[in-house]
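In: Predicted structure and sequence below. I'll ask about it afterward.
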Amino acid sequence: MPHREILSAAGLASAELTGGDLVVTTPVDGSEIARVKSSTPADVTATIARSKAAFEAWRRVPAPRRGELVRLIGEELRAAKEDLGRLVTLEAGKILQEGLGEVQEMIDICDFAVGLSRQLYGLTIASERPGHAMRETWHPMGVCAIISAFNFPVAVWSWNAALALVCGDPIIWKPSEKTPLTALATLKICERALARFGEAPDGLIQVVIGGRDVGAALTESPDVAIVSATGSTRMGRTVGAAVAARFGRSILELGGNNAMIVAPTADLDMALRAIVFAAVGTAGQRCTTLRRLIVHKDVYHKLLPRLKAVYDGLPIGDPLQPGTLVGPLVDEAAAVGMERALERARAEGGTVHGGGRALGNRFPSGAYVHPAIAEMPKQSAVVCEETFAPILYVMRYETIDQAIAIQNGVPQGLSSSIFSTDVRETEEFVSATGSDCGIANVNIGPSGAEIGGAFGGEKETGGGRESGSDAWKAYMRRQTNTVNYSRALPLAQGIKFEI
Ligand code: UN1
């Protein structure tokens, strides 16, 4: 399907794709596909004001009614799955299967949030005073800004958006500068749902386009109650500090440096498939991508040759074509970053298999690369950094304690996994003394989480949790209520204070 057709099938008319200042290119072949208008500072101010007004109304709508809007968004997403999935592939470069998977993730979180809209449960708490009732209730919080990254241009937004909407919070979305089109197309899908819903306030779901200045206007505004940001640790340091400086609430999902331990008892066939999907899927550009493989010395010589053979035969190519497993990197800078990291790996004593540019003749302006395996003598400096590219650092271990220490020995703490059929090891790995990550898996890779669990991680990953479980609580304010229904006024802690 020609690029222009993909854009129009996703509802983007040529008028809105021309004349702007922000050039959008497709990683598929590096060509320009649109020029969209960035938001001015005045636009952002007006957007925040509209959102604030929308909050006044939306917080009064009963949560199950708010859920009805999210149900309609889910319905519209089902109808638009193919078209939006293909646009994700065109704009972000991930293979079509993953583009479609991303839209499925949006549909799933909508379903989850609809159920949640009837389950925003509080607590009743035993009061120490007679004739008193204590409880904890959850109220809408306010305007929620969502700053999303290019690699999951729509799914991660939807984790935040679906929850924020049922929790009573209007949303302002600042997509990555690299992927504004998927945001504009998703906004149209939401607008169809809003029209069917009929009673939502203006400005409930808005998009602002731009770079750091637009992000800063959101993070610094005291009228933005919540800032949920996904991206690099560097970005998170700025956003987190700016939001904290005004005592706002941030939800940060930042860098990952995810590992897999392959134990001597591991099912190596399964491990092999899991490693390849997690390390080269999305061309190594997931927050949850497998970047470090920690292999027991007794199985190293069995696993590594098989892994290298699979890498040698990986179908690298046009992400829109069926059969491709590895699409392009997002842009030239990403390919340069990968090359630099591999040079450092060599300088730190590593042996690199693969790497280098691919398909230069067919796509001279595309950033296609061969995924790389770097066998490292130890967890040196380059291994401790997140390079957003398909580089898999491989290290050996002898004892499980040593493997866990290597797994935990990096600044990031998003996802982790172990392949082992020894229950002592697997339970140790998910125990208090095991993996220090927000996600710890057994006999599956570190990526590809389902929406039902809370998603996020510790340390430099930022500590935020989004998506399932009770992540919704971050989008609401907790209120503790003590109600005295007696005719006396006893004080807590037995204090006597007679007047
Ligand atoms: C991300 O890369 O920011 O668990 C999100 C996964 C996906 C989400 C990744 N469900 O890999």
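Out: Right, received. Where do you want to start?

In: And the residue most central in space within the chain, which helix or strand is it part of?
Out: Nearest residue to the geometric centre of the chain (Cα atoms, centre = their mean): residue 156, 4.5 Å. Assigned by DSSP states H and E, residue 156 falls within helix 155-167.

In: quick one: contacts of the helix or strand following that helix?
Out: As assigned by DSSP H and E, the chain's next helix or strand after helix 155-167 is strand 171-174. For strand 171-174, contacts defined as Cβ atoms under 8 Å, 6 or more residues apart in numbering pick out 47-48, 51, 143-148, 157, 160-161, 164-165, 183, 187, 204-210, 214-215, 218, 224. All C-beta spots, glycine's among them, are computed from the backbone N, C-alpha and C.

In: and strand 171-174, average pLDDT?
Out: Strand 171-174 carries an average pLDDT of 98.

In: Could you check how far it is from the centre of its chain?
Out: 15 Å (Cα atoms, centre = their mean, to the nearest Å).

In: list the helices and strands the helix or strand hosting residue 426 packs on?
Out: Secondary structure from DSSP H and E places residue 426 in helix 423-429. Under the contact definition 3 or more Cβ pairs under 8 Å, 6 or more residues apart in numbering; DSSP states H and E, helix 423-429 sits against helix 400-408, strand 415-419, strand 439-442.

In: outside of it, which residues touch it?
Out: 261, 263, 265, 400, 404, 416, 418, 420, 434-435, 440, 442-443.

In: quick one: buried residues of that helix?
Out: Buried residues in helix 423-429, defined by neighbour count with 16 or more other Cβ atoms under 10 Å: 425, 426, 428, 429.

In: Pipe those into TSV and attach distance to the ligand and pLDDT per row.
Out: Formatted as TSV, those follow (distance: Cβ to the nearest ligand atom, whole Å; pLDDT from 0 to 100):
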residue	distance to the ligand	pLDDT
425	23	98
426	20	98
428	23	98
429	18	98
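
In: Just the helices from the stretch 1-150 of the chain, written as ranges.
Out: 3-9, 41-58, 63-92, 96-116 (DSSP state H, counting those that start in this stretch).

In: Of all those, which one is nearest residue 35?
Out: Evaluated over those, closeness to residue 35 peaks at helix 3-9, with 12.4 Å, by Cβ to Cβ.

In: Show me the contact partners of the closest one.
Out: 1, 14, 17, 26, 28, 31, 33-34, 83, 86-87, 90, 181.

In: okay, now residue 68: neighbour count?
Out: 18 (other Cβ atoms under 10 Å).

In: Am I right that it is in contact with residue 198?
Out: No - Residue 68 lies out of contact with residue 198 (Cβ atoms under 8 Å); the separation is 10.3 Å.

In: Show me which residues of this protein are close to the ligand?
Out: Taking Cβ under 6 Å from any ligand atom as the measure of proximity, the chain contacts the ligand at 105, 151, 152, 156, 230, 286, 287, 288, 447, 448, 449.

In: who wins for neighbours among those?
Out: Going by other Cβ under 10 Å, residue 287 tops these with 30 neighbours.

In: That one: what's its closest spatial neighbour, skipping adjacent residues?
Out: residue 256 (4.6 Å; Cβ to Cβ, 6 or more residues apart in numbering).

In: quick one: the strands in the stretch 151-300 of the chain?
Out: Here the stretch 151-300 of the chain has its strands, by DSSP state E, counting those that start in this stretch, at 171-174, 205-207, 224-230, 249-253, 258-262, 290-296.

In: Can you tell me which of the ones you listed is most buried?
Out: Most buried of the strands of the stretch 151-300 of the chain, by mean neighbour count (mean count of other Cβ atoms under 10 Å): strand 258-262, with a mean of 28.

In: So which residues make contact with it?
Out: 268, 271, 274-275, 278, 288-296, 299, 303, 397, 400, 403-404, 406-407, 410, 412, 414-420, 429, 437, 445-447.

In: rerun that using 7 Å as the cut-off
Out: Strand 258-262 is touched from outside by 271, 275, 288-296, 299, 303, 403, 407, 414-419, 445-446, with contacts defined as Cβ atoms under 7 Å, 6 or more residues apart in numbering.

In: Mind checking the helices and strands packed on helix 423-429 for the one nearest to residue 249?
Out: strand 439-442 (22.2 Å).

In: C-alpha coordinates for that closest one, PDB please?
Out: Taking Å, rounded to 0.1, in the frame of the first residue of the first chain, the C-alpha atoms of strand 439-442 are listed here in PDB:
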ATOM      1  CA  ILE A 439       8.900  -6.800  36.200                       C
ATOM      2  CA  ALA A 440      10.500 -10.200  36.900                       C
ATOM      3  CA  ASN A 441       9.500 -13.100  34.600                       C
ATOM      4  CA  VAL A 442      10.100 -16.900  34.700                       C
END
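
In: mean confidence score for that strand?
Out: Mean predicted confidence for strand 439-442 is 98.

In: what does it rub up against?
Out: Contact with strand 439-442 is made by 414, 415, 416, 417, 418, 426, 429, 430, 434, 446, 449, 457, as judged by Cβ under 7 Å, 6+ apart.

In: Next: stretch 285-300.
Out: 151, 253, 256-264, 266, 268, 275, 278-279, 282, 303, 329-330, 383, 386, 388, 391-398, 403, 406-407, 414-415, 445-447, 449.

In: out of those, which are buried?
Out: 151, 253, 256-263, 266, 268, 275, 278-279, 282, 303, 329-330, 383, 386, 388, 391-397, 403, 406-407, 414-415, 445-447, 449.

In: out of the residues you listed, which are inside helices?
Out: In helices, defined here by DSSP state H, the members of the buried ones among the contacts of stretch 285-300 are 268, 275, 278, 279, 303, 403, 406, 407.

In: wait, which of those is closest to the ligand?
Out: Closest to the ligand out of these is residue 278 (8.3 Å), distances taken as Cβ to the nearest ligand atom.

In: and residue 9, how many residues sit next to it?
Out: 16.
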